[in-house]
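Visitor: my questions concern the predicted model and sequence given below.
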Amino acid sequence: MHQAFVGGEPVCSVMCMDRVLGLDRPFDLAMTVRMLKAGVIESDGTWWWSTATDHGVGTIQVSVRGQAVRARAWGDGGAALLERLPILVGLDDRVAIEAPDRDIADLLRKTASVRLGATGAVFEALVVTILGQLVTKSESLSARRRIVARFGDRAPGPNEAILTFPRPEVIARLTYEDLHGAGVERKRASTLIEVARRAKRLDEILTMDIHAARTRLMAVRGIGPWTVETVMGVAYGDRDAVPPGDYHLPNTVAYALAGESRGDDDRMFALLEPYRPERRRILVALKAAGVHAPRYGPKSPIRRHL
């Protein structure tokens, strides 16, 4: 533990700010923030995240206690993170689609505690997503940890294990050789540096409509549709974002929605079409429920996961 508790309430060990929001229905914090690919989830389900905001670096700690979400923040950007809390962890998110398929309707009902949040951290989401291009999940996570450990800063707040994600100006000064040491080959390294140099322009997508935001992201060399759609979901909060070109996703969607062991992008988009404008919700629900295509023939696609 990183702070004391008196009468069940946390006590600040350093200067901090608090926010408490009541819950009117079940909320799975750990799975919700896992979809954001940001920060650290502790064994008790508490989430820590430190990032740069327009007001400076901030650290936020979020947990669920009883029927409330309790958040604590530190640093110059702490107040901004607390203000964003409802959007960040999707507290205002509600399922707004009616699934035509009974199994999908059951899936949405059983995973309704997983919300669609949005970090608002465009640069961070881009870096994490670019690191995931054309490599395994373990390779991506390893590169991310090395970059944060080497180029991140000590986060404000009492948790000495938390580092702030590297700032754009830090990444912009790096060379390929610097990133190669973290396990990043030249192509992805070049894209990371390019994104860092354009970070302010890319942050502006949060003030744009969806189409303009996608156009701005696609204008960066090295960023394609898979990266754009992933970032639009995680950072922008587009509930209809579906990344094409994913190695596993078309198979999973084809398996879950049609009982087919394999699928391609065209088949995936055709099957997801009835769920516009919230196709990302279907993808999140499938992941939260642990649904994935088998190596061999299909066996009762969704029912066995519910």
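Guide: Great, that's in hand.
Visitor: not counting sequence-adjacent ones, nearest residue to residue 93?
Guide: residue 115 (4.2 Å; C-beta to C-beta, 6 or more residues apart in numbering). Where you see a C-beta, it was placed from the backbone N, CA and C, and this is true even at glycine.
Visitor: helix or strand with the lowest mean pLDDT in this protein?
Guide: Least confident helix or strand, the chain: strand 4-6 with a mean of 33, by mean pLDDT, DSSP states H and E.
Visitor: distance from the chain centre to stretch 242-258, please.
Guide: Here stretch 242-258 is found 18 Å from its chain centre; the criterion is C-alpha atoms, centre = their mean, to the nearest Å.
Visitor: what's the mean pLDDT across that stretch?
Guide: The average pLDDT within stretch 242-258 is 95.
Visitor: hey, where'd the helices end up in this structure?
Guide: Using DSSP state H, the helices of the chain run over 29-34, 78-88, 102-110, 122-131, 137-151, 168-172, 176-180, 186-197, 199-203, 210-218, 225-231, 249-258, 265-272, 279-288.
Visitor: what's the span of stretch 254-265, first residue to last?
Guide: Distance across stretch 254-265, first residue to last, is 10 Å (C-alpha to C-alpha, to the nearest Å).
Visitor: now do stretch 131-138
Guide: Terminal residues of stretch 131-138 are spaced 11 Å apart (C-alpha to C-alpha).
Visitor: what of stretch 217-233?
Guide: Stretch 217-233 has an end-to-end distance of 13 Å (C-alpha to C-alpha).
Visitor: break this protein down into its structural domains.
Guide: Domain ranges of the chain: 4-95, 122-236, 249-305, per automatic domain parsing.
Visitor: how far out from the middle of the chain is the shortest one?
Guide: Centroid separation between domain 249-305 and its chain, computed with C-alpha atoms, centre = their mean, is 20 Å.
Visitor: ditto for the second one
Guide: For domain 122-236, the gap between its own C-alpha mean and the chain's C-alpha mean amounts to 12 Å (C-alpha atoms, centre = their mean).
Visitor: burial of the residue nearest to residue 195 when sequence neighbours are not counted, as a residue count?
Guide: Excluding the flanking residues, the one nearest residue 195 by C-beta to C-beta, 6+ apart is residue 126, at 5.0 Å. Residues near residue 126, counting by other C-beta atoms under 10 Å, number 27.
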